[in-house]
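K.L.:
turn this into a structure:
(one chain, ligands or ions: 2)
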Amino acid sequence: MLVLGIETSCDECSIAVVEDGKTIRSNIVATQIDLHREFDGVVPEIASRLHTEWISSVFRRSLEEAGIAKEDIDVVAVTSRPGLIGSLLVGLSFAKGLAFALGKPLVTVDHIRAHLYAPHLEHSIDYPYLGLLVSGGHTVIGIVREYDSVEVLGTTIDDACGEAFDKVAKHYKMGYPGGVAIDKLAKQGDDSLFSFPDPSLHKGDHRYDVSYSGLKTAVINQITQFSSTPPPYRNEDIAASFQKAAVGMLMKRLRYAIDDTGIRRVVAGGGVVANSRLRRELSELEDVEVIVPSMRLCTDNGAMIAGLGYMMFVNGITSSLAENASSRVAA
Ligand code: KG4
Ligand code: ZN
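P.N.:
Ligands and ions are numbered 1, 2, ... in the order given. Reported below is the predicted structural model:
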């Protein structure tokens with residue numbers, strides 16, 4: 001079964017063809033990064049306009065690379081939430097038109113769940129596992145019991161982890177996109193030069209929660225106002241020290257979750273899972289099976305949408321052509 005996966009929730013215009021929820025026949029990702037760089041962040045209005053301009057050619061390239069005609073598509077899957085509403089609507093409207101024209105079923109997919117499906121495209125994974133989803137918009141640790149069942153243990157009480165990478169990088173003019181720039185700078189930095197607090201939420205109900213706005217503020221305030229280290233401060237050292245704290249915050253919560261639940265399988269997804277320090281620290285977890293997607297499947301892509309769309313379809317879930325998009329996370 002060939003499922004087309006359409007992803008336009010943010011600044012990646014991506015369309016993939018995935019066979020039987022597993023084999024990636026094509027996965028075209030047209031990134032808008034260069035066009036948002038001068039603004040140091042994604043401009044929603046620009047993003048949706050670019051999706052409108054690009055989506056037809058991304059679709060054509062995706063079919064070409066998969067070696068199929070549009071009539072060969074069995075199911076059209078598309079991200080419908082959460083994300084930038086204008087961007088989501090471009091992908092959703094395209095998907096609806098295509099499904100209608102081809103007379104094929106439409107499946108609308110949750111972007112966050114799809115990030116956690118991404119590792120399944122490359123590995124055979126048994127349930128249950130601890131899912132770690134870390135992206136620009138979301139930070140979640142949960143127990144995943146089935147493809148559609150996530151029990152959230154902890155999340156961020158304010159900013160997402162990737163958002164903190166982006167904001168720290170913007171503040172110190174480290175480069176864009178922030179996560180990639182910090183990862184690169186940190187390789188030449190001393191991570192022990194600054195020590196940032198872990199907002200101590202790890203008690204009672206908040207045991208698994210994180211606060212990245214708190215960390216971001218500490219990184220900005222502590223260095224500009226209170227540091228005992230004499231200036232000038234090197235961006236490399238700030239990046240390395242921040243990255244250590246940001247990753248440490250996640251690893252600490254993950255350790256709690258492993259110990260508390262006894263689940264010794266961890267599956268990670270989302271853009272921040274491309275981070276070299278996070279990947280290293282995950283791989284160093286002892287007596288735990290750790291599965292992370294390859295780099296291209298960490299950040300936004302259509303293949304993960306097609307993959308999860310396939311699972312939903314074979315389990316009897318389809319959407320009507322009246323389906324709407326939503327910027328919000330599903331309740
Ligand atoms: O999953 P994603 O592509 O989009 C969302 O669903 O948000 O994640 C994007 C986020 C951005 O915040 C970006 O800075 C971060 O992932 N990111 C990284 C790295 N590569 C991307 N963060 C840290 N280190 C990286 N190497
Ligand atoms: Zn994403």
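K.L.:
who are the contact partners of the residue nearest the centre of the chain?
P.N.:
Most central in the chain under CA atoms, centre = their mean is Gly270, positioned 2.7 Å from the mean C-alpha point. Going by CB atoms under 8 Å, 6 or more residues apart in numbering, Gly270 touches His115, Leu133, Val134, Ser135, His138, Gly162, Cys298. C-betas here are computed from N, CA, C, even on glycine.
K.L.:
do that again at 6 Å, thanks
P.N.:
Residues in contact with Gly270 (CB atoms under 6 Å, 6 or more residues apart in numbering) are His115, Leu133, Val134, Ser135.
K.L.:
among those, which one lies nearest to Gly97?
P.N.:
When these are compared for distance to Gly97 (CB to CB), His115 wins out at 25.9 Å.
K.L.:
my read is that that closest one contacts Ala268, right?
P.N.:
No: His115 is not in contact with Ala268 according to CB atoms under 6 Å; the separation is 9.2 Å.
K.L.:
does the residue of the stretch 1-150 of the chain found nearest ligand 1 count as helix, strand or coil?
P.N.:
Of all residues in the stretch 1-150 of the chain, the one sitting closest to ligand 1 is Gly136 (2.8 Å; CB to the nearest ligand atom). Here Gly136 is coil, with the state taken from DSSP: H, G, I helix; E, B strand; the rest coil.
K.L.:
got a pLDDT number for it?
P.N.:
If you check Gly136, the pLDDT there is 93.
K.L.:
what's the burial count for the residue nearest to it when sequence neighbours are not counted?
P.N.:
Excluding the flanking residues, the one nearest Gly136 by CB to CB, 6 or more residues apart in numbering is Gly162, at 3.7 Å. For Gly162, the neighbour count with other CB atoms under 10 Å is 26.
K.L.:
Gly162 falls within a strand, correct?
P.N.:
No: when three-state DSSP is applied, Gly162 is found to be helix, with no strand at that position.
K.L.:
ok, so what distance separates it from ligand 1?
P.N.:
Distance of Gly162 to ligand 1, computed by CB to the nearest ligand atom, to the nearest Å: 3 Å.
K.L.:
same deal with Gly189?
P.N.:
14 Å.
K.L.:
repeat for Phe242
P.N.:
The gap separating Phe242 from ligand 1 is 10 Å, by CB to the nearest ligand atom.
K.L.:
give me the helices and strands touching the helix or strand containing Ala240, please.
P.N.:
For Ala240, the enclosing helix or strand under DSSP states H and E is helix 235-261. For helix 235-261, the contact count by 3 or more CB pairs under 6 Å, 6 or more residues apart in numbering; DSSP states H and E identifies helix 178-186, helix 276-283 as packing neighbours.
K.L.:
now it: average pLDDT?
P.N.:
According to the model, helix 235-261 has a mean pLDDT of 96.
K.L.:
and stretch 287-295, by the same measure?
P.N.:
If you average the pLDDT values across stretch 287-295, you get 97.
K.L.:
just the endpoints, please. Distance across that stretch?
P.N.:
24 Å (CA to CA, to the nearest Å).
K.L.:
just stretch 307-327 next, same as before
P.N.:
End-to-end span of stretch 307-327 (CA to CA): 21 Å.
K.L.:
that stretch near ligand 1 anywhere?
P.N.:
No: contact between stretch 307-327 and ligand 1, assessed by CB under 6 Å from any ligand atom, is absent, since the two come no nearer than 12.5 Å.
K.L.:
show me which residues of that stretch are buried.
P.N.:
Residues Gly307, Leu308, Gly309, Tyr310, Met311, Met312, Phe313, Thr318, Ser319, Glu323, Ala325 are the ones in stretch 307-327 that count as buried (16 or more other CB atoms under 10 Å).
K.L.:
domain parsing for the chain?
P.N.:
Per the record's domain assignment (automatic domain parsing), the chain is made up of the domains 2-116+299-314, 125-292.
K.L.:
can you flag the weakest of the ones you listed by average pLDDT?
P.N.:
When the domains of the chain are compared on average pLDDT, domain 125-292 comes out lowest at a mean of 92.
K.L.:
give me the number of residues near the residue of the stretch 1-150 of the chain closest to ligand 1?
P.N.:
By the other CB under 10 Å criterion, the neighbourhood of Gly136 contains 25 residues.
K.L.:
swap in Asp205?
P.N.:
8.
K.L.:
for Lys104, helix, strand, or coil?
P.N.:
With three-state DSSP as the basis, Lys104 sits in coil.
K.L.:
of all residues in the stretch 151-300 of the chain, which one is closest to ligand 2?
P.N.:
Of all residues in the stretch 151-300 of the chain, Asp300 sits closest to ligand 2, at 4.4 Å by CB to the ion.
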